[in-house]
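A.B. asks: Dropping the sequence and predicted coords here.
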Amino acid sequence: MGARAVAALRRGFRGQLITPGDPEYDTARAVWNGAIDRHPALIARCTGTPDVLLAVEVAREYGLWPTIRGGGHSVAGLAVCDGGLLIDLSRMRGVRVDSGRRIAHAGPGATWAEFDQETQRHALATPGGLVSGSGIAGTTLGGGFGWLSRAYGLTCDNLLEAELVTADGRVVTASAALHPDLFRGIRGGGGNFGVVTSLSYRLHPVGPQVLCGELYFAADEAPQVLRAVRTQLRGAPDQLGAVCLLGTAPAAPHLPARLAGTPVVRIGLCHAGRPERARGAVAPLRALPGVLADTIQLRPYTVWQRTLDPGRGPGARNYWKSEYLSTLDDRAIATLTEHFARITSPSSEIQLVFLGGAIARVGPDDTAYTHRSAPYLLSINSRWEHSEEDPGHTAWTRGLWSAMRAFSSGGGYVNFLGQEGPARVLEAYGPVKYRQLTALKDVWDPGNLFRVNQNIPPSY
């Protein structure tokens, strides 16, 4: 089957075809999560929409499950499966900015580092991922949040249109005016409805310099620090984005050497507005007692977007669990800090994203993203090197997640789901939104060709 598919693709494919045994095969099949080790029958590195069309046609005709790789950054590793056809979009990464209209047109293989580099040439940006190496397409299709989301909404809220190759071999444009139901579904519904081949985004004036940085505290200060951030963010302007990280301090030139490798609480802050207003917004947190290091200053937005990259590159083993929280009361904070004290890997961390602002002002039926009203997103990110350590790290992660379910607002973030089964996918959308997406799947992919994802199967 693989040989016949290769022969069919070679008749018109302009990109590169990689098969088992080729020198590049093992590198080409590798994804960000080092715990994923899968062997596709064929890898098709596409150069444009015609290549994607042909790859989808061959996958359908020869019974190969297609998987889609943009940035390849998902913790579930769903860009690749055993015996399937990996449709690799990583070479489709161009970014073009229309600064007058404040619109960016981008290929699905672009990363946030590449996207931000081009948009910041014009002092423009759209809310993107927290790690610059993640892909724009996967981020967008699952919702997408970042430092600018309280000010300007989710990534998917800023998507203006997308071109897709559908399961039946059509090229369609989805926007508010064209196929609006499909447009609603792809903004949060993942890759269930086709292969995205281009995306257009609304841009906002940001930078090139923004006030941003981190405040570091000793681990035993975690309860007081989390309570303070909770209180301050309730009345903070939407322009202020905040993320709390409980983990190990990195070895970095901007930090005191004595902090490296010690357990700390980090408050990451980024203000999207004018510096004079930004300083007042962050002042109460900078004045907290016990600050071990304060790195807040004016710096380029592109530099800040890379701040969380160290220690999050490809190759390590990862196991994550996420949950939207309805409350961060003292019991929830105590639960977090108790489990933080028992963290099993120096590379693991507990991440708490403060939501609200513009995210919560988008209508619940405007997109497939569900958890608009949740004020917090908890992500438990375990990371380590050796497979023999798997049981201990995964048990710690599941233990903290189970304990925090008592404070849940009803599900996890689809982009942070591992291979957790259909019930967790249902929770990520909720029953009403899930039924709507199932009906959309019936229209656009009734045969469930695109199933290697956080799958929403058709109803028949």
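C.D. replies: Noted; the coordinates are in hand. Please read these numbers as outputs of a predicted model, since none were measured by experiment.
A.B. asks: Check the burial of residue 67 by counting its neighbours.
C.D. replies: By other CB atoms under 10 Å, 25 other residues sit near residue 67. Just so you know, the C-beta spots here come from the backbone N, C-alpha and C atoms, and that holds for glycine as well.
A.B. asks: again but with residue 362, I slipped
C.D. replies: 16.
A.B. asks: next one: the one 10 residues further on
C.D. replies: Using other CB under 10 Å, residue 372 has 17 neighbouring residues.
A.B. asks: Please apply the same query to residue 16.
C.D. replies: Neighbours of residue 16 (other CB under 10 Å): 16.
A.B. asks: Low-confidence bits of the chain, can you list those?
C.D. replies: 1 (pLDDT under 70).
A.B. asks: max-length helix in it?
C.D. replies: Using DSSP state H, we find that the single longest helix of the chain is helix 422-444.
A.B. asks: Helices of this structure, residue ranges please.
C.D. replies: Counting by DSSP H, the helices of the chain are 2-10, 25-29, 49-62, 112-119, 136-142, 149-152, 180-186, 222-234, 275-286, 301-304, 330-340, 390-404, 422-444.
A.B. asks: CA-only coordinates of the longest helix of the chain in PDB, if you can.
C.D. replies: Output of helix 422-444 as PDB, limited to C-alpha atoms (Å, rounded to 0.1, in the frame of the first residue of the first chain):
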ATOM      1  CA  PRO A 422     -13.200  10.600  24.000                       C
ATOM      2  CA  ALA A 423     -14.600  11.500  27.400                       C
ATOM      3  CA  ARG A 424     -11.900  14.200  27.900                       C
ATOM      4  CA  VAL A 425     -12.500  15.600  24.400                       C
ATOM      5  CA  LEU A 426     -16.200  15.800  25.200                       C
ATOM      6  CA  GLU A 427     -15.300  17.700  28.400                       C
ATOM      7  CA  ALA A 428     -13.100  20.100  26.500                       C
ATOM      8  CA  TYR A 429     -16.100  21.200  24.500                       C
ATOM      9  CA  GLY A 430     -19.100  20.500  26.700                       C
ATOM     10  CA  PRO A 431     -22.100  18.500  25.500                       C
ATOM     11  CA  VAL A 432     -23.800  21.400  23.600                       C
ATOM     12  CA  LYS A 433     -20.800  22.500  21.700                       C
ATOM     13  CA  TYR A 434     -19.800  18.900  21.100                       C
ATOM     14  CA  ARG A 435     -23.100  18.200  19.400                       C
ATOM     15  CA  GLN A 436     -22.800  21.200  17.200                       C
ATOM     16  CA  LEU A 437     -19.300  20.100  16.100                       C
ATOM     17  CA  THR A 438     -20.500  16.600  15.500                       C
ATOM     18  CA  ALA A 439     -23.200  18.000  13.100                       C
ATOM     19  CA  LEU A 440     -20.400  20.000  11.400                       C
ATOM     20  CA  LYS A 441     -18.300  16.900  11.100                       C
ATOM     21  CA  ASP A 442     -21.200  15.100   9.400                       C
ATOM     22  CA  VAL A 443     -21.200  17.800   6.700                       C
ATOM     23  CA  TRP A 444     -17.400  18.200   6.100                       C
END
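A.B. asks: What separation do you get for residue 144 and residue 295?
C.D. replies: Going from residue 144 to residue 295 by CB to CB, to the nearest Å gives 25 Å.
A.B. asks: Who has more neighbours out of these two?
C.D. replies: The neighbour count for residue 144 versus residue 295, taken as other CB under 10 Å, is higher for residue 144 (29 against 17).
A.B. asks: From residue 451, how far out is that one?
C.D. replies: 22 Å.
A.B. asks: same thing with residue 374?
C.D. replies: Residue 374 is 28 Å from residue 451, by CB to CB.
A.B. asks: So between these two, which is more surrounded?
C.D. replies: Neighbours per residue (other CB under 10 Å) separate residue 374 from residue 451, with residue 374 holding more: 22 against 19.
A.B. asks: What is the neighbour count of the closest residue to that one other than its chain neighbours?
C.D. replies: Distances taken as CB to CB, 6 or more residues apart in numbering place residue 324 nearest to residue 374, at 3.8 Å, with adjacent residues excluded. Residue neighbour count, defined by other CB under 10 Å, stands at 23 for residue 324.
A.B. asks: Same question for the one 3 residues further on.
C.D. replies: The tally of other residues near residue 327 (other CB under 10 Å) stands at 15.
A.B. asks: Leaving out the residues flanking it, which one is nearest to it?
C.D. replies: Nearest residue to residue 327, sequence neighbours excluded (CB to CB, 6+ apart): residue 407, at 5.3 Å.
A.B. asks: for residue 74, same thing?
C.D. replies: Excluding the flanking residues, the one nearest residue 74 by CB to CB, 6+ apart is residue 138, at 6.1 Å.
A.B. asks: what's the closest of the helices of the chain to residue 382?
C.D. replies: Residue 382 sits nearest to helix 390-404 of all these, at 4.5 Å, using CB to CB.
A.B. asks: Residues in contact with that closest one: which ones?
C.D. replies: With contact meaning CB atoms under 8 Å, 6 or more residues apart in numbering, helix 390-404 is reached by 35, 317, 319-321, 323, 325, 332, 335-336, 339, 342-345, 348, 350, 378, 380, 382, 384.
A.B. asks: could you give the angle of it to helix 330-340?
C.D. replies: 170 degrees (axes from the mean of the first three to the mean of the last three CA atoms, to 10 degrees).
A.B. asks: Please export the C-alpha coordinates of helix 390-404 as PDB.
C.D. replies: What follows is helix 390-404, C-alpha atoms only, in PDB (Å, rounded to 0.1, in the frame of the first residue of the first chain):
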ATOM      1  CA  ASP A 390       7.600   7.500  33.400                       C
ATOM      2  CA  PRO A 391       5.500   6.000  36.200                       C
ATOM      3  CA  GLY A 392       6.600   8.400  38.900                       C
ATOM      4  CA  HIS A 393       6.200  11.600  36.900                       C
ATOM      5  CA  THR A 394       2.900  10.600  35.300                       C
ATOM      6  CA  ALA A 395       1.500   9.600  38.800                       C
ATOM      7  CA  TRP A 396       2.500  13.000  40.300                       C
ATOM      8  CA  THR A 397       0.800  14.800  37.400                       C
ATOM      9  CA  ARG A 398      -2.400  12.800  37.600                       C
ATOM     10  CA  GLY A 399      -2.400  13.100  41.400                       C
ATOM     11  CA  LEU A 400      -2.300  16.900  41.200                       C
ATOM     12  CA  TRP A 401      -4.900  17.100  38.400                       C
ATOM     13  CA  SER A 402      -7.300  14.800  40.300                       C
ATOM     14  CA  ALA A 403      -7.000  16.900  43.400                       C
ATOM     15  CA  MET A 404      -7.700  20.100  41.400                       C
END
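A.B. asks: ok, now how distant is the closest residue to residue 320 other than its chain neighbours from residue 395?
C.D. replies: Closest residue to residue 320 apart from its sequence neighbours, by CB to CB, 6+ apart: residue 75 at 4.7 Å. In this view, residue 75 and residue 395 are 17 Å apart by CB to CB.
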